[in-house]
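Trainee: Just need the structure, nothing else, for what follows:
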Amino acid sequence: MSKLAGVIDTIDIIKKTCPVDVVIIVVNRQGVIMGIAAAGFMTNQPQIGVDRLPKEAAVYQAMEQQKVITETMEIIKSQACPIVEDDGTVSGAMIMSQSMETQNSLYAAAKELASATEQLSATTEELGGSASQLAEELAKVKISSENVLTNINKTDDILKFVSEVAANSNLLGLNAAIEAARAGEQGRGFAVVAEEIRKMAVNSAQSVNEIKHILQTTHSETVTVVRTIVNTSEFGERQAATTEEIAATVQALAEAAGKVEQIAGKL
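Mentor: Below is the predicted model of the structure:
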């Protein structure tokens, strides 16, 4: 049995082994169709032993050059392989054609996916940069808030000092009033000064209490603000880390989409 006859006999088996839907045609040396296994996209099936492939078909080049010739048209991609007998003569050729519709759709989808993932990657990187910057700014605010809290705590010492001054001034005014009373008429002017000192001391003590109350309220509110800032800062750091992981994943996806686009373009 010649190789041409063997290929014709096994044409259906060859088609079944193909992973995609293809048309397989076997021709003799003159280009007459000797066998065919049609695919779903083939509308007009030629007559075996009667019809010929057109002279411009790649199958003639394959037989003439004795090598596989690939031909790609708008919707069909074909590969023609010469059938060489044991004595070296070319007895025919087999041409396998497949529709480019699926491949074109895959390529278009892969290209669109690659473009979308590139845009997503750029957006994610920008978001990651913003998240990192936000985390840094929150860290600065956290430090500033803690410094404010420390300074508020220092005011306790200042208020304590002012309270002591007020108490001592009140005591000094009291002693001055006693001495002025002992001095009689000559100490009347000094008594007026002593009374003013005592009034100033009382007012200072009241002001200290008011300031202390305000600072205590401010301290309480500042503690709450600092706690919120600390929590927000920690959340910002976690968000920045998570965004970096997402950016890395999206970048990997973009690279994979690019490879799919390249593979689809070669089909």
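Trainee: What are the contacting residues of the host helix or strand of residue 82?
Mentor: Taking DSSP states H and E as the criterion, the element that holds residue 82 is strand 76-84. Defining contact as CB atoms under 8 Å, 6 or more residues apart in numbering, one finds that strand 76-84 is touched by 3-4, 7, 26, 57-59, 61-63, 65-72, 90-100, 103, 267. C-beta: built from backbone N, CA, C; applies to glycine.
Trainee: and the residues you listed, which of them are in helices?
Mentor: Of these, the ones assigned to helices by DSSP state H are 3-4, 7, 58-59, 61-63, 65, 103.
Trainee: So for residue 251, what's the pLDDT?
Mentor: Looking at residue 251, its pLDDT reads 74.
Trainee: so how far is the helix or strand harbouring it off the chain centroid?
Mentor: When secondary structure is defined by DSSP H and E, residue 251 falls within helix 188-266. Between the mean C-alpha point of helix 188-266 and the mean C-alpha point of its chain there is a distance of 28 Å (CA atoms, centre = their mean, to the nearest Å).
Trainee: Would you format the ones in helices among the contacts of strand 76-84 as JSON lines with distance to residue 144 and pLDDT included?
Mentor: Listed next are the ones in helices among the contacts of strand 76-84 as JSON lines, based on distance: CB to CB, whole Å; pLDDT from 0 to 100:
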{"residue": "3", "distance to residue 144": "87", "pLDDT": "91"}
{"residue": "4", "distance to residue 144": "89", "pLDDT": "91"}
{"residue": "7", "distance to residue 144": "84", "pLDDT": "89"}
{"residue": "58", "distance to residue 144": "76", "pLDDT": "87"}
{"residue": "59", "distance to residue 144": "81", "pLDDT": "87"}
{"residue": "61", "distance to residue 144": "79", "pLDDT": "91"}
{"residue": "62", "distance to residue 144": "79", "pLDDT": "91"}
{"residue": "63", "distance to residue 144": "84", "pLDDT": "91"}
{"residue": "65", "distance to residue 144": "80", "pLDDT": "92"}
{"residue": "103", "distance to residue 144": "61", "pLDDT": "67"}
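Trainee: List just the nearest of those to residue 44.
Mentor: Ranking the ones in helices among the contacts of strand 76-84 by separation from residue 44, with CB to CB as the measure, puts residue 59 on top at 17.8 Å.
Trainee: how far away is residue 16 from residue 37?
Mentor: Spatial separation of residue 16 from residue 37 under the definition CB to CB, to the nearest Å is 9 Å.
Trainee: Which one's more surrounded, those two?
Mentor: Set residue 16 next to residue 37 and count neighbours by other CB atoms under 10 Å: residue 37 wins out with 19 against 8.
Trainee: Residue 143: neighbour count?
Mentor: Residue 143 has 12 neighbours, counted by other CB under 10 Å.
Trainee: same thing with residue 118?
Mentor: 17.
Trainee: do the same with residue 60
Mentor: Residues near residue 60, counting by other CB under 10 Å, number 20.
Trainee: looking at it, it is touching residue 28, isn't it?
Mentor: No: the criterion here is CB atoms under 8 Å, and residue 60 misses it with residue 28 at 11.8 Å.
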